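# One predicted model, sequence on top.
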Amino acid sequence: MVSVAVLASHSALDVLDGAKDEGLRTIAIAKRGRDRAYREFPVVDELVVLNDYKEILGLAEELRRKGAVFVPNRSFAVYVGYDEIEKWDAPIFGNRFLLRWEERTGPHNYYRLLDEAGIRRPRTFASPDEVDRPVIVKMPEAERRVERGFFVARDRDDLAKKARRLAERGIIRLEDLASASIEELILGAHFNANYFYSPIYKRLELHSFDRRIQSNLDGVYRLPASAQLDIDPEVRYVEVGHEPATIRESLLEKVFDIGYKFVEAARRLVPPGVIGPFTLQFIVTPELDLVVYDVAPRIGGGTNAYVGLGGQYSKLYWGKPISMGRRIAIEIKRASEEGRLGEVVT
């Protein structure tokens, strides 16, 4: 019987729990000092503890011997790196070559994917000098490079002023502005739409919606406007969790539309295209337009909100609510039983 392996971070508990639901053996690969949860929750059949995440690259032969299919998440991409992932000699669920398209810079970026798909996204500015409207500047923190050092600016002058202030406080590095993504600020309601494209069932499924919980943004917007003005806090966008969400039913037409367009564009640009879960993060404007501002070409962190509950739309396909982790396990299990694993791994 095939087993499921995952880097123990991000959405690993969702993947592990879903695999157990389908009777599959589970392998969690953790970093020392970040392994507590995977010892506490009884969803791990085998726990491998490493001193560094990159040591996972030496486990390919062992994983193959154990019949493991590895499910990638954002932590795997960040801590191991795209070049190494693409060369790694272990079966990965999904299209490993699509992972690097999650970035905003370089030749392989999600702006290009969205443009190829004809999906509306925020306008981007090549440099701070071009800014002529309110924007959000997307760049890493100065020290914790995997965290968001994002900030909002009214115009070009405000951007320069805020960047200097954040740099003086050690939150960002001024030199990172040269490679920052500067997007027009679009106001509206934020949603993460979690999809699953199935080569085995030959269909696109809409699994669920969620929203991000960010620190200290979550605390700032709970303050009355007068308190925000008095305190003048430096707003931070560090992602710390997700919460379930629903969207009005009349918007599902557009949600399916962008999902299908994304799948088709990915197939053209990065064959064989999307395999398994992906997330499109978008804003719904007051005019009810969908503007996609971020893409996750793998399991999204927000599916954690549905562990033990199941995505609200998954019941419409399966007759019962299932988690995204279980949906992945269903695909792997059936592909293995039918001798079609080659269709869902790269």
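Nice, I can see it.

# and K261, what is it in contact with?
The contact partners of K261, taken as Cβ atoms under 8 Å, 6 or more residues apart in numbering, are 117-119. Any C-beta I mention is one placed from the backbone N, CA and C, and that applies to glycine too.

# Pop out the phi and psi values for F97.
Main-chain torsions, F97, degrees, to the nearest 10: phi -80, psi -10.

# Quick one: neighbours of it, just the number.
When neighbours are counted by other Cβ atoms under 10 Å, F97 registers 19.

# my guess is A296 meets F262, correct?
No - A296 lies out of contact with F262 (Cβ atoms under 8 Å); the separation is 11.1 Å.

# For the chain, which segments are assigned as strands?
With DSSP state E as the criterion, the chain has strands at 3-7, 25-31, 46-50, 68-71, 124-125, 135-138, 151-153, 181-184, 189-198, 203-216, 237-245, 276-284, 290-296.

# okay, A296 and F262: which has more neighbours?
F262 (27 against 22).

# Identify the residues contacting the more buried one.
Per Cβ under 8 Å, 6+ apart, neighbours of F262: 113-114, 117, 119, 274, 278, 280, 295.

# In TSV: those, plus distance to R334 and neighbour count.
Below are the contacts of F262 laid out as TSV (distance: Cβ to Cβ, whole Å; neighbours: other Cβ atoms under 10 Å):
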residue	distance to R334	neighbour count
L113	28	24
L114	31	23
A117	28	22
I119	30	21
V274	18	25
F278	19	26
L280	25	26
V295	27	25
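
# for the nearest residue in space to E338 that is not next to it in sequence, phi and psi?
Nearest residue to E338, sequence neighbours excluded (Cβ to Cβ, 6 or more residues apart in numbering): I200, at 7.5 Å. Main-chain dihedrals, I200, degrees, to the nearest 10: phi -70, psi -50.

# cool, P286 as well?
Torsion angles at P286 (phi, psi; degrees, to the nearest 10) stand at phi -60, psi -20.

# Could you give the number of residues near it?
Neighbours of P286 using other Cβ under 10 Å come to 8.

# cool, and the one 4 residues further on?
Neighbourhood size, L290 [other Cβ under 10 Å]: 20.

# List the contacts of it.
Contacts of L290 by Cβ under 8 Å, 6+ apart are 120, 251, 254-255, 258, 282-284.

# In contact with F76: list those residues for me.
F76 sits next to 7, 9-10, 53, 56, 85 when contact means Cβ under 8 Å, 6+ apart.

# top of these by neighbour count?
Busiest of the contacts of F76 [other Cβ under 10 Å] is L7, holding 26 neighbours.

# nearest spatial neighbour of it, skipping sequence neighbours?
Distance criterion Cβ to Cβ, 6+ apart; nearest residue to L7, sequence neighbours excluded, is F76 at 4.4 Å.

# again, but for L223
Nearest residue to L223 in three dimensions, chain neighbours excluded: I231, at 7.2 Å (Cβ to Cβ, 6+ apart).

# and that neighbour, how far is that from V152?
Plainly put, I231 is 17 Å away from V152 if you go by Cβ to Cβ, to the nearest Å.

# Now do the shared contacts for A296 and F262.
The contact lists of A296 and F262 share F278, where a contact means Cβ under 8 Å, 6+ apart.

# Return the backbone torsion pair for L185.
phi -80, psi 120.

# and the gap between the closest residue to it other than its chain neighbours and E147?
Distances taken as Cβ to Cβ, 6+ apart place P134 nearest to L185, at 4.0 Å, with adjacent residues excluded. Between P134 and E147 the computed distance is 23 Å (Cβ to Cβ).
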